[in-house]
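A.B. asks: Fold the following.
(one chain, ligands or ions: 1)
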Amino acid sequence: MTRVPVVVGAGLAGLTTALHLAPEPCVVLCAGRLGSGAASGWAQGGIAAAVDPDDSAAQHLGDTLAAGAGLCDAEVVRSVVEAAPGAVAWLDGLGVAFDREPDGSYALGLEGAHGRRRIVHVGGDGSGAEIMRAVVAAVRATPSITVVEQARARRLVLGADGEVRGVEVEVGPDRELSVLESPTVVLATGGTGALWQHTTNPRGATGSGLALAARAGAVLRDLEMVQFHPTALDVGRDPMPLVSEAVRGEGAVLVDGSGRRLLDASAGGAGDLAARDVVARAVASELRRGGRVGLDARSAPGARLASHFPAVWEACRRAGVDPGSVAIPVRPAAHYHCGGVLVDPAGRTTVPGLWAVGEVASTGLHGANRLASNSLLEAVVCGARVAAGVRQVDRGSAAPRAAEPPHRGGRRHTAPGPPPWVRPTMTEQVGIARDGAGLAAAVERLAVEVDRHGVDGVSDPVLVALLVARSAQLRAESRGGHLRLDHPGPVGPVRHTLLTLADVVSAPVPARRSA
Ligand code: SIN
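C.D. replies: Residues are numbered from 1 along each chain as shown. Below you'll find the predicted structure:
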């Protein structure tokens, strides 16, 4: 068996991990073409970092904990926000041309629930695209990284003690199945937003990494914590283009169909820049009442919208929306999974040899509601930490290391697609506003589907949807991104939702053994 670590996923978290593993070899599995298809490249806001002399890691910590509504791990938050200026400097060193003020300091954006301007960005709202351009270029220039394109991990291969021995991979347009042997697999597969009908995530974001980890027996944490972004452009596109929160940071306001402000900032509240869950709920409730919601950017940022937010401007233009004369039509959309595979501060899951980083992981940074622009930050900081942890483990081994592409096994994989009712079910019953009856109905329907096909045969989206719905059912309170209409307030003491696949399905969970 080669000892080369396998990184599953080629977004910012996976590629950062690979770059920090260098010069040690690694294999990166990329579901499409390198540099396209990852949600990281679509990020608009940027990276939250206390780089202003008047700001501090303590203030960034405080804002992150407040947004996280009791579920953050304060020590993890502290260590990540303290590392934020270094993460920005690392990207700077890779050639990311962050926007600057005339005096050379970083131009800082403002987003919801941040107490001050703190978002370092590139090209206005082009942060993700520019960061990924630089990181992909660095990966291409790093000979120790072997990228396998059009490769999707299907199953983890486990040894007799449940430890990782490799990964079964579907490669190429013919979807041939191969096995890549390795004792170290890093999941960096991103989120789950495409399980909902309205999402800002790529269509492939259906929790493939969660499914891999769940089938291997990993402990999953707080999967009910799904963040809905309040302002996705509502012009019938799927996925929906994002209208960055930073547009509200520059003065745009949410209005109802008659032009009245939706959020009241008069009583000292944060109004349009309240935490994302608060704003998303206000928008959703207006839509549920049959109203319309728009983002009025006419006065502010006004004419600066085109230069400061070119991606938003272009998406509006393509849809025939003129933000100079009308409010931009918006609705909430599934945007980020705050829960995920439980990891320790180094990124280790509960399955020996399995690591997780980025959106698929639950590090304790985001709690019940992620603070805006803390996710690219987490990808960079934790990518470096996972690489350090993996290298430390590998140093203890004398086995030879060489990167080998997956050997083709010839067998063809026919993964079943999810049934068409999954997205409407998640939207209606496991969406922004949930209740016990709806969740029970969703869990039952999804569980029947799992029983019908078996844990092994059922599609990943169905399995992940069941895990999310069951987690939401278990949390009988409202907290952060999880609103239970039948349990309107938070309930103490604060607790995490921890579960494994075996807790959720009645059928036995087959362990995957190496030959
Ligand atoms: C945004 O630009 O509104 C999104 C930023 C984020 O999701 O962190």
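A.B. asks: List the buried residues of stretch 227-237.
C.D. replies: Burial within stretch 227-237, assessed by neighbour count using 16 or more other C-beta atoms under 10 Å, is assigned to 227-235. Where C-beta positions appear, they are placed from N, C-alpha and C, glycine not excepted.
A.B. asks: my bad, stretch 145-163
C.D. replies: By 16+ other C-beta under 10 Å, the buried positions in stretch 145-163 come out as 145-149, 151-159, 162.
A.B. asks: Please export the C-alpha coordinates of it as CSV.
C.D. replies: The C-alpha trace of stretch 145-163 is given here as CSV (Å, rounded to 0.1, in the frame of the first residue of the first chain):
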residue,chain,number,x,y,z
ILE,A,145,0.7,17.1,-5.9
THR,A,146,-1.0,14.6,-8.2
VAL,A,147,-4.4,15.9,-9.2
VAL,A,148,-6.8,13.3,-10.6
GLU,A,149,-9.6,15.1,-12.4
GLN,A,150,-13.1,13.7,-12.9
ALA,A,151,-12.6,11.5,-9.9
ARG,A,152,-15.3,11.0,-7.3
ALA,A,153,-14.7,9.0,-4.1
ARG,A,154,-17.5,6.5,-3.7
ARG,A,155,-16.6,4.5,-0.6
LEU,A,156,-13.9,4.3,2.0
VAL,A,157,-12.1,1.0,2.4
LEU,A,158,-11.6,0.1,6.0
GLY,A,159,-9.3,-2.4,7.7
ALA,A,160,-10.2,-5.0,10.3
ASP,A,161,-10.1,-2.4,13.1
GLY,A,162,-12.2,0.1,11.2
GLU,A,163,-9.2,2.1,10.2
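A.B. asks: What mean pLDDT does that stretch get?
C.D. replies: Mean pLDDT, computed over stretch 145-163, is 96.
A.B. asks: That stretch: how far from the chain's middle?
C.D. replies: Relative to the centre of its chain, stretch 145-163 is centred 21 Å away, using C-alpha atoms, centre = their mean, to the nearest Å.
A.B. asks: Could you do stretch 474-490 as well?
C.D. replies: The chain centre lies 22 Å from the centre of stretch 474-490; the measure is C-alpha atoms, centre = their mean.
A.B. asks: That stretch - what's its average pLDDT?
C.D. replies: For stretch 474-490, mean pLDDT is 97.
A.B. asks: for stretch 343-360, same thing?
C.D. replies: According to the model, stretch 343-360 has a mean pLDDT of 98.
A.B. asks: how about the strands in the stretch 201-350 of the chain?
C.D. replies: Listed in chain order, the strands of the stretch 201-350 of the chain (DSSP state E, counting those that start in this stretch) span 220-221, 226-233, 253-256, 293-296, 328-337, 340-342.
A.B. asks: The ligand contacts on the chain?
C.D. replies: Contact residues (C-beta under 6 Å from any ligand atom) of the chain with the ligand: 44-45, 242, 244-246, 335-336, 372-373, 375.
A.B. asks: about what we covered before: of all the strands of the stretch 201-350 of the chain, which one is nearest residue 207?
C.D. replies: Residue 207 sits nearest to strand 328-337 of all the strands of the stretch 201-350 of the chain, at 7.4 Å, using C-beta to C-beta.
A.B. asks: before we move on, back to that, from the residues of the chain next to the ligand, which single one is nearest residue 426?
C.D. replies: Of all the residues of the chain next to the ligand, residue 335 has the smallest distance to residue 426: 13.9 Å, by C-beta to C-beta.
A.B. asks: Quick check: closest non-adjacent residue to that closest one.
C.D. replies: Nearest non-adjacent residue to residue 335, counting by C-beta to C-beta, 6 or more residues apart in numbering: residue 229, 3.6 Å away.
A.B. asks: any idea how far the spatially most central residue of the chain lies from the ligand?
C.D. replies: Centroid-nearest residue in the chain: residue 359, 3.5 Å away (criterion: C-alpha atoms, centre = their mean). Relative to the ligand, residue 359 is positioned 11 Å away (C-beta to the nearest ligand atom, to the nearest Å).
A.B. asks: Let me see the contact set for that residue.
C.D. replies: 13, 39, 190-191, 336-337, 340, 375, 379 (C-beta atoms under 8 Å, 6 or more residues apart in numbering).
A.B. asks: Quick check: residue 441 vs residue 483, distance?
C.D. replies: For residue 441, the distance to residue 483 (C-beta to C-beta, to the nearest Å) stands at 17 Å.
A.B. asks: which of those two has more neighbours?
C.D. replies: residue 483 (21 against 14; other C-beta atoms under 10 Å).
A.B. asks: nearest residue to the more buried one other than its sequence neighbours?
C.D. replies: The shortest distance from residue 483 to any non-neighbouring residue, by C-beta to C-beta, 6+ apart, is to residue 433 (5.2 Å).
A.B. asks: residues near the one you found, how many?
C.D. replies: Applying other C-beta under 10 Å, we find 13 residues neighbouring residue 433.
A.B. asks: Same question for the one 3 residues further on.
C.D. replies: Taking other C-beta under 10 Å as the neighbour definition, residue 436 ends up with a count of 14.
A.B. asks: you'd agree it is up against residue 486?
C.D. replies: Yes - with contact defined as C-beta atoms under 8 Å, residue 436 counts as touching residue 486 (5.0 Å).
A.B. asks: ok so, going back, can you tell which of the strands of the stretch 201-350 of the chain is closest to residue 275?
C.D. replies: Residue 275 lies closest to strand 226-233 among these, at 10.0 Å (C-beta to C-beta).
A.B. asks: And the closest one, what does it pack against?
C.D. replies: Here strand 226-233 touches helix 245-249, helix 276-288, helix 310-318, strand 328-337, going by 3 or more C-beta pairs under 8 Å, 6 or more residues apart in numbering; DSSP states H and E.
A.B. asks: any idea of the angle the last one forms with helix 276-288?
C.D. replies: It stands for strand 328-337. For strand 328-337 against helix 276-288, the angle by axes from the mean of the first three to the mean of the last three C-alpha atoms, to 10 degrees is 130 degrees.
A.B. asks: would you put the C-alpha positions of strand 328-337 in PDB?
C.D. replies: This file holds the C-alpha atoms of strand 328-337, laid out as PDB (Å, rounded to 0.1, in the frame of the first residue of the first chain):
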ATOM      1  CA  ILE A 328     -33.100  43.500  -6.600                       C
ATOM      2  CA  PRO A 329     -35.500  40.500  -6.100                       C
ATOM      3  CA  VAL A 330     -34.100  38.200  -3.500                       C
ATOM      4  CA  ARG A 331     -35.000  35.100  -1.400                       C
ATOM      5  CA  PRO A 332     -33.200  33.000   1.100                       C
ATOM      6  CA  ALA A 333     -31.200  30.000  -0.200                       C
ATOM      7  CA  ALA A 334     -29.300  27.100   1.400                       C
ATOM      8  CA  HIS A 335     -25.700  28.500   1.500                       C
ATOM      9  CA  TYR A 336     -23.500  26.800   4.100                       C
ATOM     10  CA  HIS A 337     -23.500  23.700   6.300                       C
END
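A.B. asks: so what does it touch, helix or strand wise?
C.D. replies: strand 226-233, helix 276-288, strand 293-296.
A.B. asks: Reformat those as a markdown table; add distance to residue 501 and mean pLDDT.
C.D. replies: Shown next, in a markdown table, are the helices and strands packed on strand 328-337 (distance: least, C-beta to C-beta, whole Å; pLDDT from 0 to 100):
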| stretch | distance to residue 501 | mean pLDDT |
| --- | --- | --- |
| strand 226-233 | 19 | 98 |
| helix 276-288 | 27 | 95 |
| strand 293-296 | 38 | 98 |
